[in-house]
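Enquirer: everything below, folded, please.
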Amino acid sequence: MRWITGFILLMAIACQNRHSRSNAPELSVIYGTALRAEPGEKSKEILQLEPGDRVTDLKEVSTFVSDIIFNDTLRQEPWLLVQLPDGRQGWIFAGALRPAGQNAAGIRRWLLQKRFAAFFGPDLAQRWQSWTALPEPRSDTSTAIYYREGLALRDTLNLLISRLVTRQTDTPLPDLFWLNEWSSLFMLQQVNEGTSVYLFTDFRVLNKIASTTAGKQDDAFAQVCLETFPADSIESALPVWVFPLSAESSYSNLGQGNHLKMLRAVDRALLAGDLFRPELLKWKNRVLEDITGKDRIYWQPEEKILAELKKIRESNFHCLDNTDRIALEARYKMFESPSANGIVVDVRSGR
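Expert: Take a look at the predicted model:
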């Protein structure tokens, strides 16, 4: 009786394993390549596979990518753990494989998912893929949820990218521009004189999303973002209220009128509703930091700065609280005698 029970249990486990393998993605070998004991070209070769051979994707990805040339084309991909029809397992370079039954778009997305998992881990890869697969927002509330979820993922990615670059200071910057294919809302650009990269928000895309929804609060918020970066609508270190010195450094352009314009834009957006209040107040705080920052240097002369500050002080902005007004009042008095208060103004004159 025990023998029969044990036999039935073993058969059930075997059937479950076969069912699990049958549900796993099947991959086709498209270039002659080796099945290896570990990820990497220097790992022990188990056997050679030929184009047309089929393997099962066991959904485990190497933590690095390799550069391998196939048909005079350099491919930078990770290694995948796979299983042969006879049950043997090993690692194959992802650039030599394709998911069976997928069109060109599906194949590309599959490769990007594997590449993403290699650089940033499978959990974040799955979260990012789930976010990009969300339906288009249909209300300003769903726009806010979509935007905030995307920003949280984007910020995590930027943190991991910075750590990746710091860890590999003696190696060339890895090619991460394929991240631009994942979502049009974010654009990867070089920063720090080309020594690193960063995902910035493309506010044209956010504005396009907002224009299709029923609500108006997302439109108002998107408009503030567009006014912040009027040159190309892409987030950068150079908002409209600064005078640029390089791609990443600037002087304050207080006195030109853009600080006043931005506070007006924030106020208009808040009148539309409080849905994007946290984001709008961040813009307000950035404008005020540019006015009151103790290490800030100012492009415009003293008289122009005082004229704009006077208009800001006299405007009844709802976005400004008592702390903001006290800070602006104190800064105004300091600008009345800038040199005595250690403030550098009128840099544009060259004096």
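
Enquirer: which parts of this structure are helices?
Expert: Taking DSSP state H as the criterion, the chain carries its helices at 2-23, 104-120, 122-132, 140-167, 203-211, 217-228, 258-271, 277-292, 302-314, 322-335.

Enquirer: contacts only, for the residue nearest to residue 116 when sequence neighbours are not counted.
Expert: Spatial nearest neighbour of residue 116, excluding adjacent residues (CB to CB, 6 or more residues apart in numbering): residue 125 at 4.2 Å. For the C-beta atoms, the positions are set from N, CA and C on the backbone; glycine is no exception. Residues counted as contacts of residue 125 (CB atoms under 8 Å, 6 or more residues apart in numbering) are 113, 116, 117.

Enquirer: and residue 214, how many neighbours does it have?
Expert: Other residues lying near residue 214 total 11 when counted by other CB atoms under 10 Å.

Enquirer: okay, it and residue 309: tell me how far apart.
Expert: Distance of residue 214 to residue 309, given as CB to CB, to the nearest Å: 40 Å.

Enquirer: beta partners of residue 45?
Expert: residue 36 (DSSP bridges).

Enquirer: how near is it to residue 74?
Expert: Using CB to CB, one gets 22 Å for the distance from residue 45 to residue 74.

Enquirer: again, but for residue 278
Expert: 44 Å.

Enquirer: so what's the residue most central in space within the chain up against?
Expert: Nearest to the mean C-alpha position of the chain, by CA atoms, centre = their mean, lies residue 154 at 3.2 Å. Listed by CB under 8 Å, 6+ apart, the contact set of residue 154 reads 186, 199, 201.

Enquirer: just among those residues, which is most surrounded?
Expert: Within the contacts of residue 154, most neighbours by other CB under 10 Å means residue 199, with 24 neighbours.

Enquirer: tell me the contacts of the nearest residue to that one once chain neighbours are set aside?
Expert: Nearest non-adjacent residue to residue 199, counting by CB to CB, 6+ apart: residue 186, 4.5 Å away. Neighbouring residues of residue 186 by CB under 8 Å, 6+ apart: 150, 154, 179, 180, 199, 200, 201, 202.

Enquirer: sorry, back to before: most tightly surrounded among the helices of the chain?
Expert: helix 217-228 (a mean of 22; mean count of other CB atoms under 10 Å).

Enquirer: other SSEs contacting it?
Expert: Applying 3 or more CB pairs under 8 Å, 6 or more residues apart in numbering; DSSP states H and E, one finds that helix 217-228 contacts helix 140-167, helix 203-211, helix 258-271, helix 277-292.

Enquirer: between helix 140-167 and that helix, find me the angle.
Expert: In terms of direction (axes from the mean of the first three to the mean of the last three CA atoms, to 10 degrees), helix 217-228 departs from helix 140-167 by 40 degrees.

Enquirer: pull the residues that contact helix 217-228.
Expert: 137, 140, 143-144, 201, 203-204, 206-207, 209-211, 213, 233, 235, 239-240, 261-262, 265-266, 268-269, 272-273, 275-276, 279-280, 283.
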